[in-house]
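Undergrad: sequence? don't have it. structure:
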């Protein structure tokens, strides 16, 4: 029997948290679902754990080679049968009523709305991205919700507010079953969101639907990977950004700041100047964000294109 909702859960060596993540899906009040667990080349006994949870709604798929979350999600999408698609992470928990609430919201929205997304309570960091025990954040910030009638692409080029795990998607909201960039190892959710809103409209609900936990192996905690992901977003969206210089400027300034932190100062300087050339009004915010980098660039602390050591 075909389920109405297909839930895709990629995992890689997280057997300690996987069972709880699965049960938070299977215990939802809305039961017409299938849970597709995609083992992304784990060395731990993920299959044994999954098969120990005796629920006919669970499907196990193993990838022989680790390809990252994006590739694993695409593997699950190729096997999904539902009219709606949802995603779960292997170290987080869905809150009770997630699916029921989001399906109810869809029933009140026009057909052109292809996505309903919510919020996440994160344990392990605060709103200022300071990490540690006892710190809690609410993401994305509720005071800046996406509007149905606003320029959603313009917003998402500067700020990602759509985490796949937080959302419920109509199956036909984006063409095909390769929704995610198989080559991406970070910022793949953001890159996906930018493409998504070029095909459909998103409704953002401020209610939390997920409990998230920051772990030492969280992809999102790797600043270097995030920098490479940002560079990939800029490259893949050249055509879109050519007509949106304000957003391109902001992305380039953010990339320049990240490169500077990793010691790539010559590249950082070039990208910062190019970003400010697109939108000179950003010079004030760039100076505030970049600190020493901006001062060095614009007040002559560099010689022959190379900054002095920090």
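TA: That came in fine, so what should we check first? These figures come from a predicted structure and were not determined experimentally. Numbers count the residues shown, from 1 in each chain.
Undergrad: now for stretch 147-167, what's the gap between its first and last residues?
TA: The separation between the terminal residues of stretch 147-167, taken as Cα to Cα, to the nearest Å, is 16 Å.
Undergrad: got the buried residues for it?
TA: Within stretch 147-167, the residues scored as buried using 16 or more other Cβ atoms under 10 Å are 152-153, 155-157, 160-167. For every residue, glycine as well, the C-beta is placed using N, CA and C.
Undergrad: now swap in stretch 84-98 and tell me
TA: By neighbour count on 16+ other Cβ under 10 Å, the buried set for stretch 84-98 is 84-95, 98.
Undergrad: pLDDT averaged over that stretch - what is it?
TA: Throughout stretch 84-98, pLDDT has a mean value of 98.
Undergrad: on that earlier part again, closest one to residue 127 out of the buried residues of stretch 147-167, please.
TA: For the buried residues of stretch 147-167, the closest approach to residue 127 (Cβ to Cβ) belongs to residue 161, at 14.6 Å.
Undergrad: Relative to residue 149, how far out is the closest one?
TA: Between residue 161 and residue 149 the distance is 16 Å, computed by Cβ to Cβ, to the nearest Å.
Undergrad: ok, now which ones touch the residue nearest to residue 126 when sequence neighbours are not counted?
TA: What sits nearest to residue 126 in space, not counting adjacent residues and going by Cβ to Cβ, 6 or more residues apart in numbering, is residue 135, at 4.3 Å. With contact set as Cβ atoms under 8 Å, 6 or more residues apart in numbering, residue 135 has these partners: 123-126.
Undergrad: go on, residue 19?
TA: Going by Cβ under 8 Å, 6+ apart, residue 19 touches 49, 53.
Undergrad: In terms of helices and strands, where is it?
TA: Taking DSSP states H and E as the criterion, the element that holds residue 19 is helix 15-26.
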